[in-house]
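Asker: Need a 3D model of the following:
(2 chains)
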Amino acid sequence: MTEHTTADQPATYDEWLDAIENGEAFYLESPEGHGSLPPRRVCPHSGSTELTQQPLPETGIIETYTVVHVAAEKFSEDTPYVSAVVDFGLVELTGVVRGKAPEAVNVGDEVTVGVETRETTDDRLVVFRPV
Amino acid sequence: MSTVRIAGVGLTPFGAHGDRAGRELFASAALAAFEDSGVDRTAVDQLNYGNFMGALAEDQGHQAPLMAEAAGLTCPATRYEEACASAGVAIREGVRAIRSGEADVILAGGMERMTTLDTGKVTAALAIAADELYEVRAGVTFPSAYALMARAYFERFGGERADLAHIAVKNHANAVDNEYAQYQKEITPEDALDSPPVATPLHLYDACPITDGASAVLLVSEAYAETHDLDAPVAITGSGQGGDNLALQDREEMAQTPATTAAAEEAYTDAGISAADVDFAEVHDCFTIAEVLAIESLGLFEPGEGISAAREDRTTADGELPINLSGGLKAKGHPVGATGGSQIVEVTRLLRGDHPNSEAVDDATVGLTHNAGGTVASAVVHVLEATQ
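Answerer: Numbers count the residues shown, from 1 in each chain, chains lettered A, B, ... in the order given. Sure, this is the predicted structure:
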């Protein structure tokens, strides 16, 4: 089977997770100054195809969160867990907040991003931890 | 451009239908629509069928020709999938086909089986309407996505769980006399507030149930209705559709739903009306917060005012602008691929005067439907008007 990979192929989602794990977290920026996350060939905000990788800020701010009590089966042993959308400037990331009791999480909390695994499966998971 | 009239409507009761096959449920709704209309089945030019999770819930793909066969049709059939807005899109494409002159008679609607799956599996099935890479793999579920929006709304505009509880109370009250509703029972604000958490701040009574059901709407051109002397007093006079980024993290705004606003503006312009002309609406209240987002983005309430509308009796059956007189998705039920058609059925019955809650809108001439997909990454709005 031929592997169709080329030098100009945009980063994949797994490569993006790898980058976070290696301390090289990045986002994609268009010339118009919009941010997005891979895999992208087109900026979802400006339509530009000139996307460059930029380093993700070290910390972000929790914009909204929820404590999930009823999960899909692949997260059934993770409950309760805190899902959050975190603002990293030009991009927002969605993940699970760990290292803090659910009732102590607040909008405005400053967090870092990392990659860990779920409780239910060995799948990788975007995780936020308090600064 | 031909005006589109609603010649007949049909529903199955919403709820748990045991081992009944989806095809038989859709046939039941379709036959009810034909009986309601007096149109012969051989007159149908095409079937526009909405379904979301049939490949998961019944291991059945390629459903449209199967549903046509089940309903006794021999015409071409196409499935439309836009998550929970699937039937809304199926209706809209039917409207467009009749207006273009390509068709005179279209059966549109949808069907969903959901109770075939246990809670974990149905939660996973519903979640595929979200962004698989950036939301589902991060643990986001359908309720938790709306919970993220609810918290964002509270942060921006204020509001509390008690406000949401009154939306659930209102919609349950509206469903009591609706023979098609899954929950024909009243609840109290305390019932809602005391129910277990699903994804905070949303609790069980903030959420629509898991539902099986089908809807069918027979759309005809005005010329066909006149030629065949049909009693079709309700017309679809406006149609609109809007879209947004699929993942919440990619949106400019989580406390508002611009896809709904875009769909509404197109539908209002199409019908030659404004939001102020709307007498009542069926909106997509898959969660209580979704009703708030809908009535604000539709322009029926100012941003920040929707949260208290039910609590202040502004959207109750005897309020200034009744919302979800059918019971809504919350109490009538939400068989996702059928819901957009069901909303058209209910507004039609309300305008014709043959709905159990028609008395609440006996002077009404303009009704609205709002059907949303996922976290409103897609939205379809229709304006229905009584013309006789």
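Asker: And stretch B:30-42, what's buried?
Answerer: Across stretch B:30-42, burial judged by 16 or more other CB atoms under 10 Å in any protein chain shown covers B:30-34, B:36-37, B:39, B:41. C-beta coordinates here come from the backbone N, C-alpha and C atoms, glycine included.
Asker: Alpha carbons only: can I get that stretch in PDB?
Answerer: Below are the C-alpha coordinates for stretch B:30-42, written out as PDB (Å, rounded to 0.1, in the frame of the first residue of the first chain):
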ATOM      1  CA  ALA B  30     -46.600   9.200   6.200                       C
ATOM      2  CA  LEU B  31     -49.900   7.400   5.900                       C
ATOM      3  CA  ALA B  32     -51.300   9.800   8.500                       C
ATOM      4  CA  ALA B  33     -50.100  12.700   6.300                       C
ATOM      5  CA  PHE B  34     -51.800  11.200   3.200                       C
ATOM      6  CA  GLU B  35     -55.000  10.700   5.100                       C
ATOM      7  CA  ASP B  36     -54.900  14.300   6.400                       C
ATOM      8  CA  SER B  37     -54.300  15.600   2.900                       C
ATOM      9  CA  GLY B  38     -56.500  13.700   0.500                       C
ATOM     10  CA  VAL B  39     -53.500  13.500  -1.800                       C
ATOM     11  CA  ASP B  40     -53.000  10.200  -3.600                       C
ATOM     12  CA  ARG B  41     -49.600   8.500  -3.000                       C
ATOM     13  CA  THR B  42     -49.000   8.200  -6.700                       C
END
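Asker: can you pull the contacts of B:Gly243?
Answerer: By CB atoms under 8 Å, 6 or more residues apart in numbering or on different chains, the residues touching B:Gly243 are B:259, B:262, B:377-379.
Asker: Go through those and flag which are in strands.
Answerer: Of those, the ones assigned to strands by DSSP state E are B:378-379.
Asker: Hmm, A:Glu58 and A:Gly89 touching each other?
Answerer: No. Taking CB atoms under 8 Å as the definition, A:Gly89 is not a contact partner of A:Glu58, at 10.8 Å.
Asker: Roughly how far does B:Asp285 sit from A:Thr12?
Answerer: Note on B:Asp285: its distance to A:Thr12, by CB to CB, to the nearest Å, is 38 Å.
Asker: If you count surrounding residues, which of these two has more?
Answerer: Ranked by neighbour count (other CB atoms under 10 Å in any protein chain shown), B:Asp285 and A:Thr12 place B:Asp285 first, with 31 against 13.
Asker: Per-residue pLDDT of the more buried one, please?
Answerer: For B:Asp285, the model assigns a pLDDT of 98.
Asker: now it, nearest residue through space, not along the chain?
Answerer: B:Glu291 (3.8 Å; CB to CB, 6 or more residues apart in numbering or on different chains).
Asker: check contacts around the residue nearest the centre of chain A.
Answerer: Closest residue to the average C-alpha location of chain A: A:Leu93 at 4.1 Å, with CA atoms, centre = their mean. Applying CB under 8 Å, 6+ apart, we find A:Leu93 in contact with A:37, A:60, A:85-86, A:113, A:126, A:128, B:134, B:249.
Asker: just checking, B:Lys170 touches B:Ala310?
Answerer: Yes. Using CB under 8 Å, B:Lys170 is in contact with B:Ala310, at 4.6 Å.
Asker: Tell me the residues that contact both of the two, please.
Answerer: Residues within reach of B:Lys170 and of B:Ala310 at once, by CB under 8 Å, 6+ apart, are B:316, B:323.
Asker: The two - which one has more neighbours?
Answerer: A count of neighbours by other CB under 10 Å puts B:Lys170 above the other of B:Lys170 and B:Ala310, at 30 against 26.
Asker: buried sites along the one helix or strand that one maps to?
Answerer: In this assignment (DSSP states H and E), B:Lys170 forms part of helix B:161-175. Residues of helix B:161-175 classed as buried: B:161, B:163-175 (neighbour count, 16+ other CB under 10 Å).
Asker: can you check stretch B:262-282 too?
Answerer: Buried residues in stretch B:262-282 (16+ other CB under 10 Å): B:262-268, B:270-271, B:273, B:275, B:278-282.
Asker: Which ones among these lie within helices?
Answerer: Under the assignment DSSP state H, the buried residues of stretch B:262-282 contribute B:262-268, B:270-271 to helices.
Asker: Close to chain A as well: tell me which of the buried residues of stretch B:262-282 qualify.
Answerer: For chain A, no contacts are drawn from the buried residues of stretch B:262-282 by CB under 8 Å from any CB of the partner chain.
Asker: if we take those, which one ends up nearest to chain A?
Answerer: Among these, B:Ala262 lies closest to chain A (CB to the nearest CB), at 16.1 Å.
Asker: Which single one of the buried residues of stretch B:30-42 is nearest to chain A?
Answerer: For the buried residues of stretch B:30-42, the minimum distance to chain A (CB to the nearest CB) is 32.8 Å, reached by B:Ala30.
Asker: Can you tell me, leaving aside adjacent residues, what's nearest to that closest one?
Answerer: For B:Ala30, ignoring the flanking residues on the chain, the nearest one in space by CB to CB, 6+ apart is B:Ala71 at 3.7 Å.
Asker: tell me, how many neighbours does that neighbour end up with?
Answerer: For B:Ala71, the count of nearby residues is 27 (other CB under 10 Å).
Asker: The worst-scoring helix or strand of chain B on mean pLDDT near chain A at all?
Answerer: Ranking every helix and strand in chain B by mean pLDDT, DSSP states H and E puts helix B:119-127 at the bottom, with a mean of 91. Yes. Judged by CB under 8 Å from any CB, helix B:119-127 comes into contact with chain A through B:119-121, B:123-124, B:127.
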